[in-house]
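Student: fold the following and give me the result.
(chains A, B and C)
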Amino acid sequence: MVCAPFTYHRPSSLRQAIALLQRLGEEAKVLAGGQSLIPVMKMRLAQPQHLIDLGGIQGLSYIREARGAVRIGALTTHAEVEASDLLKRRLPVLAETASLIGDMQVRNRGTIGGSVAHADPAADYPATLLALDARFKVVGPEGTRTVPASQFFPGPFTAALKPGEVVTEVQVPLPPQGSGASYQKFANKASRFAVVGVCAFISLNARGTIRSARLGVTGAADHPFRATAAEEALQGARPEERVFQRASRLVTQGVECVADVHGSAEYRAWLCQVLARRALETALARARGG
Amino acid sequence: MLCNIQVTVNGRSYASAVEPRLLLVHYLRDVLGLTGTHIGCDTSQCGACTVLLNGKAVKSCTVFAVQADGGIILTVEGLAKDGKLHPVQEGFWEEHGLQCGFCTPGMIMASYALLQRNPNPTEAEIRHALEGNLCRCTGYQNIVRAVQWASRQMAETQPTPAPRRRAGRRSR
Amino acid sequence: MVISKLVGARIKRKEDPRLITGGGTYTDDVRLPGMLYMAVLRSPHAHARIKRIDLGKALSHPGVVAALTGEEVKQVCDPIPALGPIEGMKLALRPPLAVGKVTHVGEGVVALVAESRYQARDALDLVEVEYEPLPANVDPERAMRRGAPVIHEHLKTNLAYSIKQSVGDVEGAFQRAAGTVKARLVEQRLIPLAMECRAVVAHYEPGPGTLTIWNTTQNPHVLRGFLASMLHLPENRIRVIAPDVGGGFGSKIDTYPEEALAALFSIRLGRPVKWAEERMENFQATIHGRGQLQEIEVAYDQDGGITALRVRIWADLGAYCQTFTHAIPTLTLTMLNGPYKIPNLAWELYGVYTNKTPTDAYRGAGRPEATYLLERALDLVAHRLGRDPTEVRRRNFIPKDAFPYKTAVGTVYDSGDYEGALDKVLRLANYTALRREQQERLQRGDRKLLGIGLSTFVEICGFAPNMPDNATVRVEPTGSVTVFTGTSPHGQGEETAFAQIVAEELGVPMEDITVVHGDTLTTPQGYGTLGSRTLPVGGTAVYQAAKTVKEKAVQLAAHLLKVTPDKVSYEGGRFFVEDIPDRKVSWKEVAEKAYSPPPELPADFEPGLLATVYFKPSNFTFPFGAHIAVVEVDRETGDVQVVNYFAVDDCGHRINPLLVEGQLHGGIAQGIAQDLYEEVVYDQNGQLLTNSLMNYAVPNPAMLPSYTLEASVTPTPVNPLGAKGVGELGTIGATPAVVNAVADALKPLGVDPAQVQMACTPERVWRLIQQAQRRRR
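Tutor: Next up, the predicted model:
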């Protein structure tokens, strides 16, 4: 397979990259790890005139803890997230999620910034980043801003980026004591994307009831979403089977599930329910365990 | 517009002017004539094109040659040293880990990458690490054995052998 | 032939050193000076008239050298032939490019060549084609009804052929039956998906007027003959080379349009032309496998004895008859008896054209379809009678002492011990313990249900009495040996297996033997590698040629040793005379003398030490076995995983058990793949929805189990090797075993086993569970 021709740019600084993006406008696409973009270019579903490769920019690949959050540089690969000791200690669910993306080779090239900017409705990261209430640091011609995950995925393959903007960092707040999270993925057996993936985050208060809970869902709808109705049902409740079951049933409330050869809308809705319950159960066990 | 790139492949340095859209796999095969790396799908599933780029297993059909500029690449042709097969290659031979041989270069490179990272993988770890490599001939059992064979062999030739999790071979 | 230290040994493959170092040569690795690259524009429609084709822009694109349309090709090239059409059938042969009309998504419309791969691809986007879409036939059962849009108008119908027959007293048996069961089963279409896509390099040299074709083919000689007739060239001016071939599984038996198109361009332009299929093209332009809709009705007595079968099959042929498209479903009919002595059978088979990619041979080719419908039906009978599936099988097996056995459908089985294989696999799997675990899980209410599925089966292999094959064994003057075979491997390891046979017979070291295959210039006319025939037919020819050479060598040695041949012994590379150990002559000396005969040899001694032998088997071979699949079904999501797989297979004598096990592993894997993962899906307009590996799930290493194998050995009397062939055995056994296991797991939930269909995808299984639960409420 052969991509359509394009002009290649390899800026050495973020500023240069943004200037290029601004100048080239719609004709340009940003290339990070390329694991999503290159396949669609090979199929000629995308035929950008210009490709701006961020690979020449130093300092965008890191995982560090600062000011109550783990900060992950946009060009950090899935493999680096998967293997990070810091994440395994502080946010194991994120390393776990990364380990389920694609396959070893894809994880070696694909980046967290590229993944969230590509906003594939069946990608794994969005579910977990939604549940962890992550924020994305975005740099553009008008400066820097941060966008909460809950506002970052408005539609299919659409990230809340303005023209000329680039995701530079993913910020994940460190959860308080007594928290736990779990990502449950039902993989498309062909592509390894999620048919449905649900990440549950639970934080318990001292009495053992649920202080807060968040559920991020991918694969089910045309964009990743937070299951707010389910979250409300959990808030303040005792973490027990009945509550989890009720909450799980609310995951797809108001959501239109998508259908394709890997699952009808009805089946996806069912998977949301099953995976949400499993994710909640595991998250609870983890919250209690530490 | 052509771009100049410089890469080191199997220890040898190459400078080429390439179209930016040239895929690394086409660069290796058509420009350098290294046809050991194969193309088995268009969509990054099959892993036949797996090579090591800067020490990491990648699918060379999903990397532009320009992205590899300045990089160090290892392909299946560069694995044997001085006519001596690498233990991973030997393992595939010993355990009948290949039939038609088409997926084999990618399978060997992915296995090599796995053993660099995890010298003593369990069967489940091997199967997980090779999820990005498809084989239509073997049903994978002998590929798993091949990687286990290589793992044992490499442990024996290491100065400080890694602890062996499992002794002996599984019964057939 | 006796099993000795070489034959029957687990010998590492001779092929591997080149393949594990990147030193193999596959077709797309062939590069010739001045080579052009071909690309094919394919139809986006399932069924449409071609109104207009404009090549102007494409031809003026940089690097583009020439282009061809179907109308142009038609003037100089005939459609692709089909082998052995069924008498009276309506034959729709495939033209290399569509003429007037496209009949399936992916059918070639325009071919063009350019200086580079990339330029050729770019130019495809510049070809303008105007289509008038027509309604499409997707379902074979509907396509044969009156009023369905006719695909090939000159045939006036989509029904290519129908076969209706019966033996015994089927009606009477159904009337007298203690009970009957009925099922409608789907053999979904599959993508064969050899890891190497197809490719061709065509090189016409105007001087000598020869055309050389490198191709990903399983049978170079058949391709040569087809090309000669299509292109009107003398066969002896065409040389077909099958270099290393990256798997085939049947899909590379066919001659395809691109071989002819590349040849046409090369002839016209005097330059070599390469075409390499892309994977997404492969999904549309290479044959599909299976594609049958089956109805089966079974009459049984109160002990579970099967007294009659009624079978009705709709075969989805796709848009054209390729090499064996029409013949594959008829193989299902030859094996309707399976390993059982069913006396009364009636069958109907409808071969129907549809607006889809043609189907043809895919590993098993017609026989998994037979095994599947029988084994599913036997389980239904067992379920109805409340008996263990093993009991019903034992009740119906053809007994061990009944061979050769002519089944009611008329097929003559060579040898077998079906109950022996069943006993073995039950022990191997520890069947009783598995059943116990299954009950324990149920009592505990585990989320994951255990299912145990059985398949006892026999297949028809070793093609065929009307497809002889050959070998030349040539001892070179230095004593090394070259073997030439008309079979054409693509992963089976016959360079090793054939070398073993020759090494054993001639006492020559393995490393001194070279096996040459896949080149019509050097190897004698053969039928290639398909239908599990390579060893039983081609291997037998090798064995017999080696024997002939050996006899001549003994004769020559006798002359040199001045004794009669009966006094000559041969061991360790030396001929010697019994009782006079120093009177000896080495293999090498004999080889040398064969080509430079000393004066003392009789005048009528023909120099040389080589032999060519054709072997024509008297019958097919009938390998068999018994498999047990153990699956876990997640009762919440419907997800199925095969957790254990036990297989006892009998392919007669095993020349190299390592290779046999490799074939079985891969075969079982492909069976499991059909059972659980793979399924070609077309929408109602004939659009191919599963068009890449993004949406067609070929199992990766984490999706398949380890296999536990044990051999059963019942030699065939059909050839002196006693070998039956093993390439398809695993697939044929596995296809029903896993689905029976899924049905078994779901029974306690109230799911009707007859409703379980391939592929047992999570959603399909989940729906069955949901329906059963709704019924129970």
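Student: what about residue A:29, distance to chain B?
Tutor: As judged by Cβ to the nearest Cβ, to the nearest Å, residue A:29 and chain B stand 13 Å apart. Just so you know, the C-beta spots here come from the backbone N, C-alpha and C atoms, and that holds for glycine as well.
Student: thought that residue was touching residue A:46?
Tutor: Yes. With contacts counted by Cβ atoms under 8 Å, residue A:29 reaches residue A:46, the gap being 6.8 Å.
Student: so what's in contact with those two at the same time?
Tutor: Residues touching both residue A:29 and residue A:46 (Cβ atoms under 8 Å, 6 or more residues apart in numbering or on different chains): residue A:37.
Student: measure the closest residue to chain C within the stretch 1-150 of chain A to residue C:715 for me?
Tutor: Residue nearest to chain C within the stretch 1-150 of chain A (Cβ to the nearest Cβ): residue A:2, separated by 4.1 Å. In this view, residue A:2 and residue C:715 are 53 Å apart by Cβ to Cβ, to the nearest Å.
Student: just want to know which of the two has more residues nearby.
Tutor: residue A:2 (23 against 20; other Cβ atoms under 10 Å in any protein chain shown).
Student: secondary structure class for that one?
Tutor: coil (DSSP: H, G, I helix; E, B strand; the rest coil).
Student: which SSE is immediately downstream of the helix with the most length in chain C?
Tutor: For chain C, the helix that runs over the most residues, judged by DSSP state H, is helix C:540-561. Using DSSP states H and E, the helix or strand that directly follows helix C:540-561 along the chain is strand C:568-571.
Student: in that next one, what's buried?
Tutor: C:568, C:570 (16 or more other Cβ atoms under 10 Å in any protein chain shown).
Student: what pairs with it, parallel or antiparallel?
Tutor: If you go by DSSP bridges, strand C:568-571 pairs up with strand C:574-577 (antiparallel).
Student: and the average pLDDT for the strand it pairs with is what?
Tutor: Mean per-residue pLDDT for strand C:574-577: 94.
Student: buried set for the helix or strand that that strand is followed by?
Tutor: Later in the chain than strand C:574-577, the nearest helix or strand by DSSP H and E is strand C:580-586. Neighbour-count burial for strand C:580-586 flags C:583-585 (criterion: 16+ other Cβ under 10 Å).
Student: now residue C:258: closest residue in space, sequence neighbours ignored.
Tutor: In space, and not counting its chain neighbours, residue C:258 is closest to residue C:275: 4.9 Å by Cβ to Cβ, 6 or more residues apart in numbering or on different chains.
Student: contact partners for residue C:199?
Tutor: C:26-28, C:214-216, C:274-277.
Student: doesn't the residue nearest to residue C:258 belong to a strand?
Tutor: Yes. Counting by three-state DSSP, residue C:275 is found in a strand.
Student: that one reaches residue C:36, doesn't it?
Tutor: No. With contacts counted by Cβ under 8 Å, residue C:275 stays clear of residue C:36, the gap being 9.6 Å.
Student: quick one: residue C:95 from chain A, how far?
Tutor: 26 Å.
Student: report how many residues lie close to that residue.
Tutor: Considering only other Cβ under 10 Å, residue C:95 is surrounded by 22 other residues.
Student: contacting residues for it?
Tutor: Residue C:95 makes contact with C:70, C:73-74, C:77, C:79-80, C:257, according to Cβ under 8 Å, 6+ apart.
Student: now do residue B:60
Tutor: Neighbours of residue B:60 in contact, by Cβ under 8 Å, 6+ apart: B:23-25, B:28, B:37, B:49-51, B:53.
Student: please identify which of the residues you listed is nearest to residue C:134.
Tutor: Using Cβ to Cβ, residue B:23 comes nearest to residue C:134 of the contacts of residue B:60, at 37.7 Å.
Student: what about residue 39, neighbour count?
Tutor: Just going to use chain A. Residue A:39 has 24 nearby residues by other Cβ under 10 Å.
Student: let me rephrase: I mean chain B.
Tutor: Quick note: residue B:39 (other Cβ under 10 Å) scores 24 neighbours.
Student: how much space between the residue of chain C found nearest chain B and chain A?
Tutor: Closest to chain B within chain C is residue C:22: 1.9 Å, counting by Cβ to the nearest Cβ. Residue C:22 sits 18 Å away from chain A, going by Cβ to the nearest Cβ.
Student: could you do residue C:552 as well?
Tutor: Counting by Cβ to the nearest Cβ, the gap from residue C:552 to chain A is 55 Å.
Student: surely that residue is in contact with residue C:611?
Tutor: Yes. At 7.3 Å, residue C:552 and residue C:611 qualify as touching, with contact defined as Cβ under 8 Å.
Student: pLDDT of stretch C:448-458, averaged?
Tutor: Averaging pLDDT along stretch C:448-458 gives 98.
Student: and residue C:18, what's its pLDDT?
Tutor: Residue C:18 is given a pLDDT of 97.
Student: now do the contacts for it.
Tutor: C:24, C:244.
Student: can you give me the buried ones in the one helix or strand it maps to?
Tutor: Element membership of residue C:18, judged by DSSP H and E, is helix C:16-19. Using 16+ other Cβ under 10 Å as the test for burial, helix C:16-19 gives C:16, C:19.
Student: what residues does the stretch 151-290 of chain A put near chain B?
Tutor: A:190-192 (Cβ under 8 Å from any Cβ of the partner chain).
Student: okay if I get those as TSV plus pLDDT, neighbour count and secondary structure?
Tutor: Shown next, in TSV, are those (pLDDT from 0 to 100; neighbours: other Cβ atoms under 10 Å in any protein chain shown; DSSP: H, G, I helix; E, B strand; the rest coil):
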residue	pLDDT	neighbour count	secondary structure
A:190	97	22	coil
A:191	95	21	coil
A:192	95	23	coil
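Student: the residue of the stretch 1-150 of chain A closest to chain C contacts residue C:121, correct?
Tutor: Yes. Assessed by Cβ under 8 Å, residue A:2 is found in contact with residue C:121 at 4.1 Å.
Student: residue A:275 - that's part of a helix, no?
Tutor: Yes. Assessed with three-state DSSP, residue A:275 lies in a helix.
Student: got a pLDDT number for it?
Tutor: 98.
Student: equivalent analysis for residue C:765, please.
Tutor: Looking at residue C:765, the pLDDT reads 98.
Student: ok, it - contacts?
Tutor: Neighbouring residues of residue C:765 by Cβ under 8 Å, 6+ apart: C:633, C:638-640, C:742, C:746, C:756.
Student: show me these that map onto helices.
Tutor: Residues of these located in helices (DSSP H): C:742, C:746.
Student: tell me the one of the contacts of residue C:765 nearest residue C:143?
Tutor: Nearest to residue C:143 among the contacts of residue C:765: residue C:756, at 26.0 Å, using Cβ to Cβ.
Student: touching, the closest one and residue C:742? I think so.
Tutor: Yes. Shown here, residue C:756 and residue C:742 form a contact pair, counting by Cβ under 8 Å, at 5.7 Å.
Student: what about these two, which has more around it?
Tutor: residue C:742 (28 against 24).
Student: with that, I have no additional questions.
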